[in-house]
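Novice: Here is my input, please return the structure:
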Amino acid sequence: MSYYEMLNDKELVNLLFTEQDRLSRKAVDECIRRGERMIKPLNEIVSKEMYWTEKSSAWWAVVHAVFILGAIDTKEAVLPLIRALRRAEAYDIDWIITELPSIFGKLGIPAIDELKKLVLDVTNDWQCRSTAMMSLAAITIHHPETEADIFSLIYSILINKEEDFDTRESAGNVLLDFSRSEYKESLLAFCEEEKKFREEGKFKFVAFNEDDVYKTFSTHKKDLYHYTKDWLSFYNEAEIKKRQERWKMEEEEELEFPEEYNEISEAFIREIPKIGRNEPCPCGSGKKYKKCCMKGQG
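Specialist: Next comes the predicted model:
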């Protein structure tokens with residue numbers, strides 16, 4: 001019997017609070033092995049708003065709770081994860097946001113109705129609705145029988161001119177990621193709308209343009225990286241080591257460069273007229289532009 005198997009549920013859950021971003025994969029696997037009985041304590045973690053602020057010592061526990069809930073793979077995890085989606089967007093926790101489409105994709109059909117509610121609720125922030133659309137699309141990878149229904153919903157957002165423009169833009173991104181050629185003409189029409197806004201000086205960044213649309217449908221190549229990620233790789237020893245090196249490097253950079261340097265860098269980024277949707281973000285995060293600083297540029 002391993003060390004983690006000897007711990008009771010409370011002791012095991014406590015590790016989510018004490019180990020920060022160095023939690024062992026073996027501890028996570030033991031949580032997953034215990035299955036549905038872990039749903040309640042994990043739900044309690046994601047439900048407490050005070051844990052979601054970076055100033056909280058329990059901040060990493062929220063990340064762990066979300067990742068483990070997704071891996072337990074039961075319909076009982078759906079509502080806690082929907083709650084986590086809302087909170088992650090509200091507090092801009094990218095560690096969670098970027099993994100949720102893959103997590104919901106694995107949960108599959110039981111998550112569809114709740115995700116649709118998020119998409120259709122126009123009172124939700126566009127980023128929340130965007131993540132929900134991506135999550136719905138991820139479900140189609142494992143359940144192709146849902147494609148017609150889900151992509152029809154996402155398409156309806158794209159063509160609805162009464163919708164928030166950023167939300168429509170996100171819908172277009174999803175349709176391009178999945179190379180849905182039946183919507184090519186509507187995507188091109190959206191590009192024309194976006195071009196007019198850009199010419200009027202309403203914004204300088206674009207999510208995608210005509211060239212992106214033609215290129216996608218000429219190759220019919222899907223871009224599914226953000227829908228099929230292995231979120232549990234977060235606990236691999238190599239990833240843990242990489243994060244510790246990153247924190248150390250960032251601390252050294254903060255000491256080396258004054259705040260004025262960051263202000264100059266941000267001003268320079270805002271002057272860039274066009275960044276391809278699949279190009280690296282100029283902020284240096286290593287993510288694609290459409291998954292990083294493109295958000296909020298509309």
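
Novice: Tabulate the CA atom coordinates of stretch 137-144 in PDB.
Specialist: In PDB, the C-alpha atoms belonging to stretch 137-144 read as follows (Å, rounded to 0.1, in the frame of the first residue of the first chain):
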ATOM      1  CA  ALA A 137     -17.100  21.800 -29.700                       C
ATOM      2  CA  ALA A 138     -14.700  19.500 -27.800                       C
ATOM      3  CA  ILE A 139     -17.500  17.100 -27.000                       C
ATOM      4  CA  THR A 140     -18.100  16.500 -30.700                       C
ATOM      5  CA  ILE A 141     -14.600  15.000 -31.000                       C
ATOM      6  CA  HIS A 142     -15.700  12.100 -28.800                       C
ATOM      7  CA  HIS A 143     -19.400  12.200 -29.700                       C
ATOM      8  CA  PRO A 144     -19.700  13.000 -33.400                       C
END
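
Novice: hmm, who's touching that stretch?
Specialist: Outside stretch 137-144, the residues that touch it by Cβ atoms under 8 Å, 6 or more residues apart in numbering are 101-102, 104-109, 111-112, 115, 146-147, 150-151, 154, 174, 177-178, 224, 227-228. For the C-beta atoms, the positions are set from N, CA and C on the backbone; glycine is no exception.

Novice: repeat that for 6 Å
Specialist: For stretch 137-144, contacts defined as Cβ atoms under 6 Å, 6 or more residues apart in numbering pick out Pro101, Phe104, Gly105, Gly108, Ile109, Thr146, Glu147, Ile150, Val174, Phe178, Tyr227.

Novice: From the residues you listed, pick the one nearest Glu194.
Specialist: Nearest to Glu194 out of the contacts of stretch 137-144 is Val174 (Cβ to Cβ; 15.8 Å).

Novice: Give me the buried stretch members for the longest helix seen in the chain, please.
Specialist: In the chain, assigned by DSSP state H, the helix with the most residues is helix 237-256. Across helix 237-256, burial judged by 16 or more other Cβ atoms under 10 Å covers Ile240.

Novice: ditto for stretch 183-193
Specialist: Neighbour-count burial for stretch 183-193, with 16+ other Cβ under 10 Å as criterion, is recorded at Tyr183, Lys184, Ser186, Leu187, Phe190, Cys191.

Novice: what's the answer for stretch 16-24, then?
Specialist: Within stretch 16-24, the residues scored as buried using 16+ other Cβ under 10 Å are Leu16, Phe17, Asp21, Leu23.

Novice: about what we covered before: what's the closest of the contacts of stretch 137-144 to Asp164?
Specialist: Within these, proximity to Asp164 (Cβ to Cβ) peaks at Val174, which comes in at 15.1 Å.

Novice: moving C-terminal of the stretch of helix or strand the closest one belongs to, what's the next helix or strand?
Specialist: Assigned by DSSP states H and E, Val174 falls within helix 165-177. Sequence order places helix 184-199 as the next helix or strand after helix 165-177, per DSSP H and E.

Novice: Show me what that following helix is packed up against.
Specialist: Contacts defined by 3 or more Cβ pairs under 6 Å, 6 or more residues apart in numbering; DSSP states H and E place helix 184-199 against helix 210-219.

Novice: how distant is the helix it packs on from the center of its chain?
Specialist: 24 Å (Cα atoms, centre = their mean, to the nearest Å).

Novice: ok, now stretch 87-103?
Specialist: 5 Å.
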